[in-house]
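**Q** sharing a model that was predicted from the sequence below.
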Amino acid sequence: QIYRNSKKISSCQGSGGKRARDYLHKTGRFIVIGGIVSPVHDSYGKQGLVSSRHRLIMCQLAVQNSDWIRVDPWECYQDTWQTTCSVLEHHRDLMKVTTLPTPPNHSPQEALGQPTRWVPGGRLANASALPLSSSDENANLGTVMRYEEIELRILLLCGSDLLESFCIPGLWNEADMEVIVGDFGIVVVPRDAADTDRIMNHSSILRKYKNNIMVVKDDINHPMSVVSSTKSRLALQHGDGHVVDYLSQPVIDYILKSQLYINASG
């Protein structure tokens, strides 16, 4: 999973990611092996965006106790802002050169807990699912597991607000949307009881690749369902004690020490 971050540095990165991972595991179609937080480039142009130097540190603090989520600085280190599509393609290409390819004419066997091939909603089968043959001696099941022909995939993890932004005319490049949803796939963690079905029905591309969009369906009263960057910043600016519900203590300490998000625009 890739979580693309611009302003929000919150406990949602851990808890929201965990919600998504747990849900994907429950479907029986996926085994999540890692999560990537990719802070956006400084030239993204969003009002109040603090320096990537600070955002990288805060992201690292937010996930420092995670054994499966990591922060990747690649996007921040580029010469200019990168599209979401470019970031996904970068990590897919990186995954291709760091995994062991399947030998030619190898007969695939079904991996434990995962189908041999995922049933696509569109273009997914040929583009971003990478076969892998390897063994895992540290598997959680306590025995050596042999993974044969596992489909490694990168999914974009986002909130329902980003999903809804796909419906805004002219905001997204349609070719990029086709790649993001059709080739990769999206995992959506709904917020504030958003109607994701209504959102998807408003976009022809989202409707076209609806089977590639996985909406986390769990407790709508989950505490992470109301977390937002706006609430986090307002809590900081007003000295609201509820800020601890949105941000981990190391992140709060760093923000206060660095005097970030003090004014209303930040």
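**A** Yes, it's here.

**Q** counting by contacts, list what the helix or strand where Ile36 lies packs against.
**A** Taking DSSP states H and E as the definition, Ile36 sits inside strand 35-39. Contact analysis of strand 35-39 by 3 or more CB pairs under 8 Å, 6 or more residues apart in numbering; DSSP states H and E lists strand 2-5, helix 12-27, helix 52-62, strand 69-71, helix 74-77, helix 84-98 as its packing neighbours. In this view, the C-beta of every residue, glycine as well, is placed from N, C-alpha and C.

**Q** repeat that for 7 Å
**A** If contacts are counted by 3 or more CB pairs under 7 Å, 6 or more residues apart in numbering; DSSP states H and E, strand 35-39 sits against strand 2-5, helix 52-62, strand 69-71, helix 74-77.

**Q** any chance of those in CSV, plus distance to Ile154 and mean neighbour count?
**A** Putting the helices and strands packed on strand 35-39 into CSV (distance: least, CB to CB, whole Å; neighbours: other CB atoms under 10 Å) gives the following:
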stretch, distance to Ile154, mean neighbour count
strand 2-5, 6, 22
helix 52-62, 18, 21
strand 69-71, 14, 19
helix 74-77, 13, 16
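
**Q** of those, which is nearest Ile168?
**A** The closest of those to Ile168 is strand 2-5. By CB to CB, the value is 17.0 Å.

**Q** just to revisit the earlier point, quick one: mean pLDDT for the strand holding Ile36?
**A** Regarding strand 35-39, the rounded mean pLDDT is 93.

**Q** can you count the residues close to Val40?
**A** Residues near Val40, counting by other CB atoms under 10 Å, number 21.

**Q** doesn't Glu75 make contact with it?
**A** Yes. Counting by CB atoms under 7 Å, Val40 does reach Glu75; the two are 6.3 Å apart.

**Q** excluding its backbone neighbours, what's nearest Ile50?
**A** In this structure residue 50 is Val, not Ile. Spatially, and ignoring its direct neighbours in sequence, Val50 is nearest to Leu260 (5.5 Å; CB to CB, 6 or more residues apart in numbering).

**Q** sec struct for Gln47, please.
**A** Following DSSP: H, G, I helix; E, B strand; the rest coil, the label given to Gln47 is coil.

**Q** repeat for Asp183
**A** helix.

**Q** distance of it relative to Glu151?
**A** Asp183 sits 13 Å away from Glu151, going by CB to CB, to the nearest Å.

**Q** again with Asn65
**A** 29 Å.

**Q** tell me which of the two has more neighbours.
**A** Glu151 (20 against 10).

**Q** so the more buried one is in which element?
**A** For Glu151, the element it lies in under DSSP H and E is strand 145-153.

**Q** following that strand, which helix or strand comes up?
**A** Next element after strand 145-153 (DSSP H and E): strand 156-159.

**Q** what strands line up against that following strand, and which way round?
**A** Within its sheet, and counting by DSSP bridges, strand 156-159 is paired with strand 2-5 (parallel), strand 186-189 (parallel).

**Q** counting contacts, what elements does whichever helix or strand comes after the last one pack onto?
**A** Remark: after strand 186-189, the chain's next helix or strand is helix 196-201, criterion DSSP H and E. Here helix 196-201 is seen to pack against helix 160-165, helix 204-208 when contacts are counted using 3+ CB pairs under 7 Å, 6+ apart.

**Q** show me what counts as buried in the shortest one.
**A** Buried residues in helix 204-208, counting neighbours by 16 or more other CB atoms under 10 Å, are found at Ile205, Leu206, Lys208.

**Q** output the below-cut-off pLDDT ranges for the stretch 101-250 of the chain.
**A** The model of the stretch 101-250 of the chain has pLDDT under 70 over residues 101-150, 218-227.
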